[in-house]
Each structure stands twice: as structure tokens, then as C-alpha cells.
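Trainee: Structure, please.
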Amino acid sequence: MNIYLDNAATTALDPEVIEEMLRYMKEDFGNPSSTHAFGRKTRAAIDLGRRRVANHINAEPGEVIFTSGGTEADNMAILCSVNDLGVKHIITSAIEHHAVLYPIEELAKAGRVKMSLVNIDARGRVDMKHLEELLSNSEEKTLVSLMHANNEIGTLLPLQEVCDLCKKYDALCHSDTVQTIAHYPLDVRTLGIDFLTCAAHKFHGPKGVGFLFINNKVKVNPIIRGGGQERNMRAGTENVYGIMGLVKALDLAYEHLDEHRTHIEGLRSYMMERLKVDMPGTLFNGDAEGDCLYTVLNVALPASNKAETLLFNLDIEGISVSGGSACSSGSNIGSHVANALNIPADQPVVRFSFSKFNTKEEIDRTMDTLKRIYDLPVVA
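Mentor: As a prediction, the model looks like this:
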């Protein structure tokens with residue numbers, strides 16, 4: 001039995017999503033820009049899908065721009081803020097996703113913006129007093145870019161409080177909500193947020209598609225040019241079956257939100273208790289028992305001479321987990337999040353992340369396998 005516990009990296013496609021996508025692969029395959037019946041049919045489907053997405057976050061349909069995923073959406077929000085909205089100062093944190101950190105660092109290196117890092121504590125929580133200090137002292141147009149939930153440790157941002165601070169100091173607010181959309185209710189009107197991002201593959205939708213919410217109070221220009229698609233905001237023929245897969249996955253997620261959350265929170269809590277009992281010395285990274293993303297459990301397991309091969313040994317046993325962010329796989333420089341939080345280097349860091357498809361039996365087998373790797377007794 002193979003066990004997949006790396007759902008923060010990507011999730012399995014829901015069978016209902018696959019069926020929805022197949023329809024647009026096999027039957028309704030027209031180019032939405034074509035004026036004939038095939039094109040009009042797919043254009044109507046995308047327009048309806050955009051409205052369904054907008055309804056889930058209390059947005060206007062015109063505020064939703066479909067993209068190739070969360071990375072493009074994050075890049076677009078940041079670059080458009082600088083190119084079109086006069087931003088000269090960006091406040092972010094050292095533990096943001098690289099889709100946010102890299103473009104900001106490049107803009108700062110080119111002298112186009114000043115980059116400020118807000119303080120974070122050992123659990124990855126933003127120092128709100130320091131954030132307000134940075135905002136109050138900023139003399140230039142400012143963008144605050146902070147993720148709603150950290151993709152490695154799961155620590156949640158008090159997003160409403162951040163949005164309120166931005167409004168108080170006339171700053172723009174962008175949040176990478178890739179890990180939280182479809183897992184938490186998000187209301188862009190209540191938040192008063194300017195930019196919000198999504199990637200479908202984090203909630204059982206397809207890879208290669210996402211969206212950017214752009215508040216209609218801000219006016220920006222496209223960064224991909226060449227056509228009038230996406231209401232002149234993103235050129236290129238639309239990924240029709242990807243978009244419709246995203247829409248279906250989001251519909252399913254919000255339809256069963258409470259049910260899935262209860263199930264996943266139960267699995268996460270159960271694994272925490274087993275780790276406490278069976279593997280003393282395990283550290284729980286982030287705000288694991290506080291305000292934390294319920295799909296993620298990041299731990300530093302006890303020090304062992306098998307630490308370097310732990311993920312490999314789990315993989316051999318058919319158990320898929322992550323040692324950090326899957327978006328940086330292949331890199332040997334380690335996790336920038338773990339480094340920023342000073343997580344002990346001698347303890348192997350493992351991120352377990354759960355979905356609606358995981359079971360308690362899978363947690364038991366994973367724990368028994370960990371105990372065998374650590375040469376701990378396993379109770380039959």
C-alpha cells in the first residue's frame with residue numbers, strides 16, 4: 001500500500017474533476033476566442049466558471065484573472081504593483097514562498113523598490129507591532145506581501161488584521177493564499193485585500209492553472225501580452241479544461257468544507273499524539289498547536305544517524321512525505337524557512353500534509369514505519 005502524505009506539494013485529482021475536464025478535452029474543445037458555436041460554448045463555460053469562482057470569495061467576476069498557477073499570480077501581483085501602482089517599498093518576510101521572495105529581491109537589487117523584512121518569531125508568526133512600525137515609517141507607496149499560511153510549517157497569518165493595517169496606512173495588500181483557499185472561507189470584501197492568489201492543484205484540481213484576484217479599486221496592466229484574453233489582462237488562449245477543473249474542484253471543496261476539515265484535523269491530531277507517545281523528543285515546528293493550517297504538520301524528529309536517509313527510507317516503504325517545500329526539490333541548500341526559524345540542524349525535518357483521501361490506517365502504518373527506521377519496538 002502506497003501512502004501519500006505530501007498534499008501541500010500537490011493533491012490527487014478528484015474523480016469528479018477528471019470527469020469535468022474530460023468533457024472539455026473530448027467534446028467542448030473550441031477556442032474561446034472563436035466566434036463559431038464551438039468557441040461560443042467554451043467562452044460561455046469560462047464566463048460561468050469565473051462567476052462561480054468569484055462567488056466563493058465574494059468578488060466580482062471581473063476581479064478574477066485565470067493564470068497558469070500560484071507562481072504566476074504572485075509574480076503578477078508584485079510586478080503590477082511596482083509597474084502600474086507606484087509601489088516603491090515592499091514589506092514581506094524571510095519565510096515567504098520563493099514565488100514572492102525572488103521577484104521582490106530582484107526588484108530590490110535593480111533599485112526599483114526598497115525591501116523590508118518584518119520580524120517573525122520562532123513559530124513563524126509575524127510581529128504585528130513591527131509591521132505597523134514599518135508601515136508608519138514608510139514615506140513611499142508600499143505593498144505588504146505576506147502569505148496566509150506558510151507552505152512548510154503551516155503557521156497562519158492574522159490576515160484581517162494585516163489588511164486593516166494596510167488600509168490604515170494606505171498601503172496595498174497582497175497575500176499568497178495558495179495553501180488556504182478551498183480550505184478556509186475567504187471574503188475579499190470583508191478583508192479589503194488588493195491581491196489574492198490561488199493554485200488549483202492544492203485542492204484536488206489540475207496543475208498548471210490558478211487565478212489572481214485583483215480588487216477592482218486598483219487598475220493594472222497585463223504582464224503577458226499578445227491578445228485580448230482574460231478581459232485584456234492575460235494574453236494567450238485559455239487553458240479551458242484546466243480552468244473548468246479548477247472551478248469544479250473549488251465547488252467541491254466549499255460544498256464539503258466542514259466535513260473535510262473535521263476529517264483532516266482528526267488525522268493531524270491523531271498523528272501528533274502518536275508522535276508524542278511513540279517518538280519522544282520530536283519537535284513540532286511552527287505554531288503547530290496554535291493558529292496553524294490544519295492540513296500541515298511539520299516536525300523535527302529526534303536526532304539519528306539515519307536522519308540523512310530518512311526520506312529515502314520512507315519512500316522505499318511507499319510513504320511519500322516532504323523534507324520542506326517541494327517547489328525547491330533538487331536544491332541542496334536546505335529549507336530557507338527552517339533556516340530562518342533556526343530549527344535544529346541535527347534533527348530531520350519532515351512535513352506531513354493531509355487531504356480528504358487520507359485515512360487513520362495510513363497514519364498508523366506511517367508511524368510503525370518510522371519506529372522501525374528508528375529501531376523502536378513496533379506493537380503488532
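
Trainee: gap between the two ends of stretch 284-292?
Mentor: In stretch 284-292, first residue to last residue: 11 Å (C-alpha to C-alpha, to the nearest Å).

Trainee: can you list contacts of that stretch?
Mentor: 123-125, 149-150, 152-156, 158, 272, 275, 296-300, 338, 341, 343, 349 (C-beta atoms under 8 Å, 6 or more residues apart in numbering). The way it works is simple: take the backbone N, C-alpha and C, and place the C-beta from them, glycine included.

Trainee: Can you get me a residue count around the closest residue to residue 346 other than its chain neighbours?
Mentor: Closest residue to residue 346 apart from its sequence neighbours, by C-beta to C-beta, 6 or more residues apart in numbering: residue 303 at 4.6 Å. By other C-beta atoms under 10 Å, 13 other residues sit near residue 303.

Trainee: Buried members of the contacts of stretch 284-292 into PyMOL, please.
Mentor: Of those, the buried ones go into a single PyMOL selection, burial set by 16 or more other C-beta atoms under 10 Å:
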select buried, resi 123+124+125+149+150+152+153+154+155+156+272+275+296+297+298+299+300+338+341+343+349
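
Trainee: Among the contacts of stretch 284-292, name the ones in strands.
Mentor: 296, 297, 298, 299, 300, 349 (DSSP state E).

Trainee: got these as JSON lines, with distance to residue 209 columns?
Mentor: Shown next, in JSON lines, are those (distance: C-beta to C-beta, whole Å):
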{"residue": "296", "distance to residue 209": "22"}
{"residue": "297", "distance to residue 209": "27"}
{"residue": "298", "distance to residue 209": "27"}
{"residue": "299", "distance to residue 209": "32"}
{"residue": "300", "distance to residue 209": "34"}
{"residue": "349", "distance to residue 209": "30"}
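
Trainee: what's the farthest-apart pair in those residues?
Mentor: Using C-beta to C-beta, the pair of the ones in strands among the contacts of stretch 284-292 lying farthest apart is 296 and 300, separated by 14.2 Å.

Trainee: Would you mind naming the helix or strand containing residue 173?
Mentor: Taking DSSP states H and E as the definition, residue 173 sits inside strand 172-176.

Trainee: Show residues contacting that strand.
Mentor: 70, 74, 77-78, 81, 85, 87, 96-97, 99-100, 141-148, 157, 159, 162-163, 166-167, 192-197, 218.

Trainee: Buried members of the residues you listed into PyMOL, please.
Mentor: Those of the contacts of strand 172-176 that count as buried under 16+ other C-beta under 10 Å are selected in PyMOL with:
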select buried, resi 70+74+77+78+81+87+96+97+99+100+141+142+143+144+145+146+147+148+157+159+162+163+166+193+194+195+196+197
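
Trainee: Going along the chain, name the helices of the stretch 51-200 of the chain.
Mentor: In the stretch 51-200 of the chain, the helices defined using DSSP state H, counting those that start in this stretch lie at 70-85, 98-109, 128-137, 159-168, 188-191.
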